[in-house]
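1. coords below, sequence missing:
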């Protein structure tokens, strides 16, 4: 990332963010500068049981050093409408990720101070550690500020409370009512003390919230401040947690850091060898942020009764929960290329337990135990994820165990299930649609306005349907014989024949996005058509692979993914910005999606199987992006035109997963330029 100029220009430090997660869906996140700019920024956003969900428990630390000459140096402060105090930013000389964990290096004259942050795995706990590197002893003061609220709640939400501080032998607790969890704190170090000085911190500015059309200022509350004398070479750690005291104290800061470094080292050792080198090793560690143990008691009980454990995938930080579609698309990149095969199986089993009426959940709302099922494609991606699991692990037992459920899914689609999802008996194509809900991955909705309804027979839905029929045929034939699987082959052949008759759009040299839609056939050029020949069982006739690929390359390909709609379409939007309505109007109408690069790589290698160098070249722009937005991770979306500004979630599961997967697929690429290497623009 670019470092600020000598005059202290702070913009890069205010727009670059960091993220640390705890394996439960909880996280800590903020800007490199230490200034909070989002409602989701905080040093501890705890993942709590229903009905709470994720809550901001510790928002900010005001950090101050008293130097030996008794002068004061403020290392971090809040941003206010009157202006940002740049003093702390000017002391910051370095920010780095060590094994994916953030480290800040401050220099005040000849004094050097390093700060580290860690969330112990499986706990709603944060450790913020400080170490003086040489020099004379000096005093550190830390003032925590809080606003207990759901992480989605506006920053202008009333503080609530009253906040009450209790203290017992160096341990401190903040409570704000019986219904809310307590924040427990201690300062681990010699002769630490706490000064009670409760006060409201008024009008903190959250600049990103303002740019997104939301309330942008709110108050915090601080109970007082910790103080401790720092000695060269010694480390002191602020511990804050919603866990019981016995669990907080069970693992000290030094041992917790060693355990986490050991765990991350194992992640590198067990991953595909191609992922163990820079810069993709950063993404390997980023992938770990999305795999979680869901805080749903029934999932945990069911899986542990079977001798397993529950796992799921957070779709994106900061605001998404676990989504079925995103999980199934991400499974290979997050869990299989990284060697986490057992967890991949647990993810599949966890979601299989939630199948209802032949459908996989679309998502699990924040703090809820039951999923929502308004999706036409997540269930079909489930078949794809199982296939990738079998291919990588060689474990054929899992599809055998899930076979009755998979057959039931197909039967529900054939006879019709919720949301108008049903196979048309006239042509064997899968249709879907209900007036008030978007059911494909292009699912933006503002109030009653469904931005891209795509009701009818969508191109990727039918590509996924054909692929699911082919996969299920293979699994049934392997366990019950070819005759028992014959009915699936008949349905697949009918789908393939109708698809090739109906979806080819000769005037554009590509595929219709939707046929039999409310307004007829939709000829918009979108990336969804790639799935017609990028999956295990390609439904599109091979003679049309190259023209479709060439059209997508020329109209949709960029250095950071694929546009969701070709320029020139009346609904095309080149930028994603403004309030919620403006953003959702652009969300799938041109905005670039990083995850789609995986499908393009698959399609590229189908047409150019020997050109791994060309496939590898497609990933360079996304690897360059690791120094933007959330450092070491990949954003959800980008503007559709140069400079392709990153937008949306700063860390997105399928963006990271598909780059990792595509990197492995293109392994063995030559460093020499390829004659067929794709162009991006």
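-> Received it, and whenever you're ready, just let me know what you need. Source: prediction; values computed, not measured. Numbers count the residues shown, from 1 in each chain.
2. pass me the low-pLDDT residue ranges in the stretch 51-200 of the chain, would you?
-> Confidence mapping of the stretch 51-200 of the chain against pLDDT under 70 gives the ranges 82-88.
3. what of the chain?
-> Residues of the chain that meet the cut-off, pLDDT under 70, sit at 5-9, 82-88, 669-681.
4. quick one, domains of it?
-> Domains of the chain are assigned by automatic domain parsing as 11-265, 545-681.
5. please identify the deepest-packed of those domains.
-> domain 545-681 (a mean of 20; mean count of other CB atoms under 10 Å). No exception for glycine: its C-beta is placed from N, CA and C like everyone else's.
6. re earlier: of the domains of the chain, which is nearest residue 520?
-> Smallest distance to residue 520 across the domains of the chain (CB to CB): 15.7 Å, for domain 545-681.
7. the stretch 351-500 of the chain: strands as residue ranges?
-> Per DSSP state E, counting those that start in this stretch, the stretch 351-500 of the chain carries strands over the ranges 422-423, 430-431, 445-446, 449-450, 457-458.
8. most packed of those strands?
-> strand 457-458 (a mean of 28).
9. who does it pair up with?
-> Applying DSSP bridges, strand 457-458 is found paired with strand 514-517 (antiparallel).
10. next structured bit after the strand it pairs with?
-> Next in sequence after strand 514-517, counting helices and strands by DSSP states H and E, comes strand 520-522.
11. how about that next one, which residues are buried there?
-> Within strand 520-522, the residues that qualify as buried are residue 522, counting by 16 or more other CB atoms under 10 Å.
12. wait, a helix at residue 255?
-> Yes - according to DSSP: H, G, I helix; E, B strand; the rest coil, residue 255 belongs to a helix.
13. from residue 111, how far out is it?
-> 28 Å (CB to CB, to the nearest Å).
14. could I get the phi/psi values of residue 358?
-> With angles defined as degrees, to the nearest 10, residue 358 sits at phi 70, psi 20.
15. ok, back up a step: which one of the strands of the stretch 351-500 of the chain lies nearest to residue 163?
-> Ranking the strands of the stretch 351-500 of the chain by proximity to residue 163 (CB to CB) places strand 445-446 first, at 36.0 Å.
16. the longest helix seen in the chain - contacts with which helices or strands?
-> As assigned by DSSP state H, the longest helix anywhere in the chain is helix 459-480. Judged by 3 or more CB pairs under 8 Å, 6 or more residues apart in numbering; DSSP states H and E, the packing partners of helix 459-480 are helix 378-393, helix 397-415, strand 430-431, helix 486-502, helix 531-534.
17. most tightly surrounded among these?
-> Highest mean neighbour count of the helices and strands packed on helix 459-480: helix 531-534, a mean of 25 (counted as mean count of other CB under 10 Å).
18. give me the contact list for that one.
-> 459-460, 463-464, 499, 503, 511, 538-540, 542, 545, 548, 599-600, 602-603, 606 (CB atoms under 8 Å, 6 or more residues apart in numbering).
19. at 6 Å what do you get?
-> 460, 463, 539-540, 545, 599, 602-603, 606 (CB atoms under 6 Å, 6 or more residues apart in numbering).
20. can you check stretch 636-644 too?
-> 316, 560, 563, 574-576, 590-593, 645-649, 652.
21. which ones among those lie within strands?
-> 316, 563, 592-593, 646-647, 652 (DSSP state E).
22. got CSV for the residues you listed, with distance to residue 1 too?
-> CSV is the format used below for those (distance: CB to CB, whole Å):
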residue, distance to residue 1
316, 21
563, 26
592, 21
593, 23
646, 12
647, 18
652, 19
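23. returning to that earlier point: for residue 331, find the nearest of the domains of the chain.
-> Ranking the domains of the chain by proximity to residue 331 (CB to CB) places domain 545-681 first, at 7.6 Å.
24. related to what we said a few turns ago, in the longest helix of the chain, what's buried?
-> Residues 459-477 are the ones in helix 459-480 that count as buried (16+ other CB under 10 Å).
25. for stretch 434-441, measure first residue to last.
-> Chord length of stretch 434-441, first to last residue, is 15 Å (CA to CA, to the nearest Å).
26. hang on, the earlier thing: now, the most widely separated pair of the contacts of stretch 636-644?
-> The span of those, defined through CB to CB, is set by 316 and 574 at 22.6 Å.
27. among the domains of the chain, which is nearest residue 375?
-> Judged by CB to CB, the one of those that comes nearest to residue 375 is domain 545-681, at 14.6 Å.
28. one step back: could you dump the helices and strands packed on helix 459-480 to CSV with distance to residue 218?
-> Shown next, in CSV, are the helices and strands packed on helix 459-480 (distance: least, CB to CB, whole Å):
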stretch, distance to residue 218
helix 378-393, 36
helix 397-415, 46
strand 430-431, 46
helix 486-502, 52
helix 531-534, 43
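29. which one of the ones you listed lies nearest to residue 217?
-> helix 378-393 (38.0 Å).
30. quick one, the closest one and helix 397-415 angle?
-> Orientation check (axes from the mean of the first three to the mean of the last three CA atoms, to 10 degrees): helix 378-393 against helix 397-415 gives 160 degrees.
31. quick one, what contacts residue 362?
-> Residue 362 touches 324, 372, 374-375, 378, counting by CB under 6 Å, 6+ apart.
32. residue contacts, residue 416?
-> Listed by CB under 6 Å, 6+ apart, the contact partners of residue 416 are residue 422.
33. actually residue 503, sorry about that
-> By CB under 6 Å, 6+ apart, the contact list for residue 503 reads 459, 511-512.
34. show me what the closest residue to it other than its chain neighbours is bridged to.
-> Distances taken as CB to CB, 6 or more residues apart in numbering place residue 511 nearest to residue 503, at 4.6 Å, with adjacent residues excluded. Legend: beta-bridge partners of residue 511 under DSSP bridges are residue 504.
35. which residues sit against the strand or helix carrying residue 281?
-> Using DSSP H and E, residue 281 sits in helix 280-287. Contacts with helix 280-287, where a contact means CB under 6 Å, 6+ apart, come from 100, 271, 275, 334, 338, 626, 632-633, 656, 660, 663.
36. keep only those of these that are in helices.
-> Among the contacts of helix 280-287, the members found in helices (DSSP H) are 656, 660, 663.
37. CSV for these, including distance to residue 532?
-> Below are the ones in helices among the contacts of helix 280-287 laid out as CSV (distance: CB to CB, whole Å):
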residue, distance to residue 532
656, 25
660, 24
663, 24
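38. from residue 496, how far off is residue 522?
-> 21 Å.
39. try residue 103
-> From residue 103 over to residue 496 (counting by CB to CB), the distance is 54 Å.
40. circling back to that earlier point, which among the ones in strands among the contacts of stretch 636-644 gets closest to residue 189?
-> Using CB to CB, residue 316 is the member of these that lies nearest residue 189, at 36.3 Å.
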